[in-house]
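Student: Here's a sequence, model it:
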Amino acid sequence: METSLPEHIREFGRVAHHRFATLGGPQESSLPAERDGSLRELAAAALAEIGATELDVRNDAEDRLAGAVVARAAGAVLLPYPVVDDLMAIDGARLSLVDPRIPRVDHGDLAGPWLLADLDGIAYTATLGPRHPAKLGPFLVRATDLSPVNTVPRADLALHLIMQSWRILGALERALEITCDHVKARTQFGKTLSEFQFVRFTVADASVTLRGLEELAKFSLSRWAPATDAIGWTDALMLKIKAAEAGIQLMRTSHQLLGALGFCDESDISVIDRHLQPALRLPESVEALALRLAPEVGAGHVETLFS
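Tutor: Residues are numbered from 1 along each chain as shown. Predicted coordinates for the structure are as follows:
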């Protein structure tokens, strides 16, 4: 079975990655953006320059694939901007998925209209406060005064989860690349870390996990449709759970192999880990998503080789 993306989509992804990389990556762009908000305007300009702002990910299959590779490229360079929320905008308002009990919006201090929605499909307007930089999720903003206004189709919620998972995939691939470079260069007891069997097995496990996540991301995106049914919703939940679990596992592996260096902002691993936390943990935790998935499994909405 051919699972490769079309060549022109892959080329668009390479163009997006190259353009985003000109901003500098975690050390030169994302980390300084914690202190200088104007740097995020450069990210917005880069998205507009490559045509990402014109993608209609809901109604055009090719645009949907292009949106996925843009999200992946943004994750790979840790672009300090809510790319997925922009791609999923409704009537010009960025769409952000939140838990209404503890509403937090990543990059919610950016100018422009926002529409918040929970996983039950209830949409809210809200007051987004100023950013209070923190080590984990440095661009998170608290939302207050939530007011229900309408509903968001389940298909939009599913596609948002899928696109966010593509962004997570890009960031994790970059983290694994950094970790591999480190174990190839770091010498311990007279040989590089990559020569130790435990290290090789650990990196191999992480690599297999990411390849599995990539295939699941392609599968889920290919099955999404504007009239998403219960099976499509289940696909999105399963993908987001897999992406979050892979992220938690791989970042733990990276920290283990880099040691103390992985917790210093001089290392891209530290910056990736801190900035990726909102994508991994919002709108709900892995455990909460699993509770939503359980009834779908019982109802027969999970398709497997043995369905």
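Student: all strands of the stretch 1-150 of the chain, in order?
Tutor: Here the stretch 1-150 of the chain has its strands, by DSSP state E, counting those that start in this stretch, at 94-97, 104-106, 114-117, 122-128, 140-151.
Student: can I get those in TSV with distance to residue 252 and mean neighbour count?
Tutor: Every C-beta, even on glycine, is put in place using the N, C-alpha and C of the backbone. Putting the strands of the stretch 1-150 of the chain into TSV (distance: least, CB to CB, whole Å; neighbours: other CB atoms under 10 Å) gives the following:
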stretch	distance to residue 252	mean neighbour count
strand 94-97	25	24
strand 104-106	22	22
strand 114-117	30	24
strand 122-128	32	18
strand 140-151	22	15
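Student: Out of these, which is closest to residue 181?
Tutor: Nearest to residue 181 among the strands of the stretch 1-150 of the chain is strand 104-106; the distance by CB to CB comes to 27.9 Å.
Student: what sits up against the closest one?
Tutor: Applying CB atoms under 8 Å, 6 or more residues apart in numbering, the set of residues contacting strand 104-106 from outside is 82, 85, 96, 98, 114, 116, 128, 137, 139-143, 278-279, 282.
Student: swap the cut-off to 7 Å and go again
Tutor: 82, 96, 98, 114, 116, 128, 137, 139-143, 278, 282 (CB atoms under 7 Å, 6 or more residues apart in numbering).
Student: about what we covered before: of the strands of the stretch 1-150 of the chain, which approaches residue 203 most closely?
Tutor: Judged by CB to CB, the one of the strands of the stretch 1-150 of the chain that comes nearest to residue 203 is strand 104-106, at 29.3 Å.
Student: Tell me if I'm right that residue 83 and residue 74 touch.
Tutor: Yes. The pair residue 83 / residue 74 is scored as a contact, 4.3 Å apart, by CB atoms under 7 Å.
Student: As TSV, the strands of the stretch 1-150 of the chain with distance to residue 188 and mean pLDDT would be great.
Tutor: Formatted as TSV, the strands of the stretch 1-150 of the chain follow (distance: least, CB to CB, whole Å; pLDDT from 0 to 100):
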stretch	distance to residue 188	mean pLDDT
strand 94-97	43	98
strand 104-106	37	96
strand 114-117	48	98
strand 122-128	47	96
strand 140-151	37	95
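Student: Kindly reformat the ones you listed as CSV and extend each row with distance to residue 34.
Tutor: What follows is those, written out as CSV (distance: least, CB to CB, whole Å):
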stretch, distance to residue 34
strand 94-97, 19
strand 104-106, 13
strand 114-117, 20
strand 122-128, 18
strand 140-151, 11
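Student: right, so of those, which gets closest to residue 295?
Tutor: Of the strands of the stretch 1-150 of the chain, nearest to residue 295 by CB to CB is strand 122-128, at 18.5 Å.
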